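Novice: no FASTA, just this:
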Ligand code: FES
């Protein structure tokens, strides 16, 4: 599956640049994620049972790409050491006080995904 060209990913409406075109709203394989690079930043995109979920593609434990992980029961599971992150909040669910992953708001419109960075 092709990733959108970062150079060809205009911000929605050409305004502040906070909402970014993350490419076609095509779900990854069931249970899997997809890496999308927009304007030089990598995101991990998942289509879960409750809708789209987008993370910064950088696990807060040791930097693994979360896009290489799996999702199950509303959580993304990092491929390197198995930490789990809530798809809505990014909270780590394997222990108290552990760092959260960064979740971004996303919406589908016109067959494309739009990520809000703000
Ligand atoms: S790098 Fe993600 S759990 Fe270790």
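Specialist: Sure, I can see it. These numbers were taken from a predicted model, which means no experiment stands behind them. Numbers count the residues shown, from 1 in each chain.
Novice: where does this protein dip in pLDDT?
Specialist: In the predicted model, the chain carries pLDDT under 70 at residues 1-17.
Novice: near the ligand, which residues of it are found?
Specialist: 59, 61, 62, 64, 78, 80, 81, 83 (CB under 6 Å from any ligand atom). Bear in mind the C-beta positions are built from the backbone N, C-alpha and C, glycine included.
Novice: can you map out the helices along the chain?
Specialist: Here the chain has no helices by DSSP state H.
Novice: residue with max distance from the center of it?
Specialist: No residue in the chain sits farther from the centre than residue 96, which is 22.9 Å out by CA atoms, centre = their mean.
Novice: mind listing what's buried in stretch 30-45?
Specialist: Using 16 or more other CB atoms under 10 Å as the test for burial, stretch 30-45 gives 33, 34, 36, 37, 38, 42, 43, 44, 45.
Novice: please identify which pair of those lies farthest apart.
Specialist: Pairwise distances across the buried residues of stretch 30-45 (CB to CB) peak at 15.1 Å, for the pair 33 and 38.
Novice: and stretch 55-75, how far from the chain's centre?
Specialist: 8 Å (CA atoms, centre = their mean, to the nearest Å).
Novice: can you map out the strands along the protein?
Specialist: 19-24, 33-38, 41-48, 51-56, 70-72, 75-77, 84-86, 103-109, 112-116 (DSSP state E).
Novice: what subset of the residues of the chain next to the ligand is buried?
Specialist: Buried among those by 16+ other CB under 10 Å: 59, 61, 64, 78, 83.
Novice: tell me which of the residues you listed is nearest to residue 49?
Specialist: residue 78 (19.1 Å).
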